[in-house]
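Chemist: next one to model:
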Amino acid sequence: MIASIQWLSRLERETQPDFRIAAIDIRSTSYLNTWMDNFGYPELASIVPGSTSGQHEQLRAAARKCPRFLFRVWSSASGGNKRLNTVDAIIPRAFLNGKGPTDISELFPGKLANLVSAHWSGEHVATVFSSWSQSLHYVLIWANSIASGSGRYSNVHISIIDTKRLPDSNPVFWTPALARISPGLPYCPWEFLAFGTISGPAHKAVKYDELMELGISKLIDLTPLHLREPGLATSETVSIQEAITLVKRISEQFGQDFAVPAAVYLLSCHDCHDTVDEQTAVNLFAEADIPQAWHDDPTIMIDDVFIGGFEDVQTAIALLRKLVENARGDGESVGMKRESDTPPTADLELVEGQNAARKPRRMLKVMKDLDIDMVGW
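Modeler: Down below sits the predicted model:
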């Protein structure tokens, strides 16, 4: 059974009539098990519900399958304190003023489940987490929603992190993995929780208004899912050359370390990759410096990664892999391992060959059926 549980304060209801902060609360253990089987993530099954012995190690092992790049939308109002989210750092409320646990192992046994539940409550609790998503397209849709609301959600930013460059003190967990530790915990397949303060070279934040001024709405459909008309494209039609120019201008805002992944994920958003073909996309990066760390990253090279059924994420990872292969002269794709049983669509395949990357449904059905936004961000 899937239920949409909304935690809305009266203030939020009165001041944000056009923007609902809600969460999917999937509390059925049987549904979680079925979902894990359908998407082929046996690593989650190894996390024993209710267990305390070895649970920390089990979660840490699952955390290694976090995608390399995650995204977050935030404003000065996020978390109820403008000091929590800045271009320099993302600080969960529990860590404000230098407080908070020094290591997540301090939360075992017993405390972690309560903290995860509190984070999801949407209240301004002393959470130890910040929320992130593997889907840039989804984050941009949500950013557009809050930026279009009242001034309460001003100063909207998009952050990107390289999870593999974070220190060990900042583990990142997929919420379906966290849901395994205690029956009844909510989860969302599009949400990851990062522990501790995020700062330094592994993080970059860009102001959303600047992306809009550069024309991101021409490149990508930013209409909320529940407001879209089936079969109707609401983003502007642009030429291939204009799309390439927009991608270059927008991705440059993310700085030298993140320009390439930002461009890859922009090209992988549905509307953009319908415009720019594979070879054109690959050619954009002919002179790009591809980090050696990507060559050895299993979340890129063999898809040992939690994707959660997102087409744009799967496309982005396939393109990242292609860039690595071109950089080292392989010319050979290892294909997609995790979601190979998902029926392909005819939209686009970035990797050719017998094990070519296949596209799952564009968005998970629960995201289409319900009016979904995020809490605790």
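
Chemist: what is the burial count for the nearest residue to residue 212 once chain neighbours are set aside?
Modeler: Leaving aside its chain neighbours, residue 212 sits nearest to residue 147 (7.6 Å; criterion: C-beta to C-beta, 6 or more residues apart in numbering). From N, CA and C alone the C-beta is placed, and that goes for glycine too. Residue 147 has 20 neighbours, counted by other C-beta atoms under 10 Å.

Chemist: residue 147 contacts residue 208, doesn't it?
Modeler: Yes. Between residue 147 and residue 208 there is a contact under C-beta atoms under 8 Å: 5.4 Å.

Chemist: who touches both of the two?
Modeler: With contacts taken as C-beta atoms under 8 Å, 6 or more residues apart in numbering, residue 147 and residue 208 have residue 156 as neighbours in common.

Chemist: ok, residue 75 - contacts?
Modeler: Contacts of residue 75 (C-beta under 8 Å, 6+ apart): 85, 146, 153-157.

Chemist: residues touching residue 185, list them.
Modeler: Residue 185 neighbours (C-beta under 8 Å, 6+ apart): 27, 113, 116-117, 120, 178-179.

Chemist: recalculate using a threshold of 6 Å.
Modeler: 116, 179 (C-beta atoms under 6 Å, 6 or more residues apart in numbering).

Chemist: ditto for residue 260
Modeler: Contacts of residue 260 (C-beta under 6 Å, 6+ apart): residue 288.

Chemist: what's the per-residue pLDDT of it here?
Modeler: For residue 260, the model assigns a pLDDT of 96.

Chemist: try residue 330
Modeler: In this model, residue 330 carries a pLDDT of 64.

Chemist: state the next helix or strand along the chain beyond the helix or strand containing residue 272.
Modeler: Using DSSP states H and E, residue 272 sits within helix 270-273. Per DSSP H and E, the first helix or strand lying C-terminal to helix 270-273 is helix 278-283.

Chemist: using PDB, list the CA coordinates for that following helix.
Modeler: Provided in PDB are the C-alpha atoms of helix 278-283 (Å, rounded to 0.1, in the frame of the first residue of the first chain):
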ATOM      1  CA  GLU A 278      24.700  10.900 -29.000                       C
ATOM      2  CA  GLN A 279      27.600  11.600 -31.300                       C
ATOM      3  CA  THR A 280      27.100  15.400 -31.000                       C
ATOM      4  CA  ALA A 281      26.900  15.100 -27.200                       C
ATOM      5  CA  VAL A 282      30.200  13.100 -27.200                       C
ATOM      6  CA  ASN A 283      31.900  15.500 -29.500                       C
END
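
Chemist: what's downstream of it, the next helix or strand?
Modeler: Next along from helix 278-283, by DSSP H and E: helix 292-295.

Chemist: can you verify my assumption that the residue nearest to residue 212 contacts residue 158?
Modeler: No. At 10.3 Å, residue 147 does not count as touching residue 158 under the criterion of C-beta atoms under 6 Å.

Chemist: shared neighbours of the two, anything?
Modeler: In contact with both residue 147 and residue 158: residue 208, using C-beta under 6 Å, 6+ apart.

Chemist: buried stuff in stretch 290-297?
Modeler: Using 16 or more other C-beta atoms under 10 Å as the test for burial, stretch 290-297 gives 290-291, 294, 297.

Chemist: now do the same end-to-end measure for that stretch.
Modeler: End-to-end distance of stretch 290-297: 12 Å, with C-alpha to C-alpha, to the nearest Å as the criterion.

Chemist: what does it rub up against?
Modeler: 68, 300, 323-324, 327.

Chemist: tabulate those residues (CSV), appending distance to residue 172.
Modeler: Below are these laid out as CSV (distance: C-beta to C-beta, whole Å):
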residue, distance to residue 172
68, 10
300, 16
323, 23
324, 22
327, 26
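
Chemist: which single one of the residues you listed is nearest to residue 164?
Modeler: residue 68 (5.3 Å; C-beta to C-beta).

Chemist: what sits against the closest one?
Modeler: 163-164, 297, 299.

Chemist: now, of these, which are buried?
Modeler: Buried, going by 16+ other C-beta under 10 Å: 163-164, 297, 299, out of the contacts of residue 68.

Chemist: most widely separated two among the residues you listed?
Modeler: Across these (C-beta to C-beta), the longest gap, 10.2 Å, separates 163 and 297.

Chemist: so which residues of the stretch 1-150 of the chain form helices?
Modeler: Taking DSSP state H, counting those that start in this stretch, the helices of the stretch 1-150 of the chain run over residues 10-15, 29-39, 42-45, 55-63, 111-120, 136-147.

Chemist: what's the least confident stretch among these?
Modeler: Among the helices of the stretch 1-150 of the chain, helix 10-15 scores lowest, at a mean of 26.

Chemist: show the backbone phi and psi for the residue lying closest to residue 189 once chain neighbours are set aside.
Modeler: The spatial neighbour of residue 189 that comes closest, neighbours along the chain excluded (C-beta to C-beta, 6+ apart), is residue 308 at 3.8 Å. With angles defined as degrees, to the nearest 10, residue 308 sits at phi 80, psi 20.

Chemist: got the CA coordinates for stretch 121-133 in PDB?
Modeler: What follows is stretch 121-133, C-alpha atoms only, in PDB (Å, rounded to 0.1, in the frame of the first residue of the first chain):
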ATOM      1  CA  SER A 121       8.700  15.000   9.300                       C
ATOM      2  CA  GLY A 122       9.200  18.300   7.600                       C
ATOM      3  CA  GLU A 123       9.600  20.100  10.900                       C
ATOM      4  CA  HIS A 124      12.600  22.100  11.800                       C
ATOM      5  CA  VAL A 125      14.200  19.400  13.800                       C
ATOM      6  CA  ALA A 126      17.900  19.000  14.600                       C
ATOM      7  CA  THR A 127      18.400  16.700  11.700                       C
ATOM      8  CA  VAL A 128      21.900  15.300  10.900                       C
ATOM      9  CA  PHE A 129      21.100  14.900   7.200                       C
ATOM     10  CA  SER A 130      20.700  17.000   4.100                       C
ATOM     11  CA  SER A 131      18.500  15.700   1.200                       C
ATOM     12  CA  TRP A 132      19.900  15.100  -2.300                       C
ATOM     13  CA  SER A 133      18.600  13.600  -5.600                       C
END
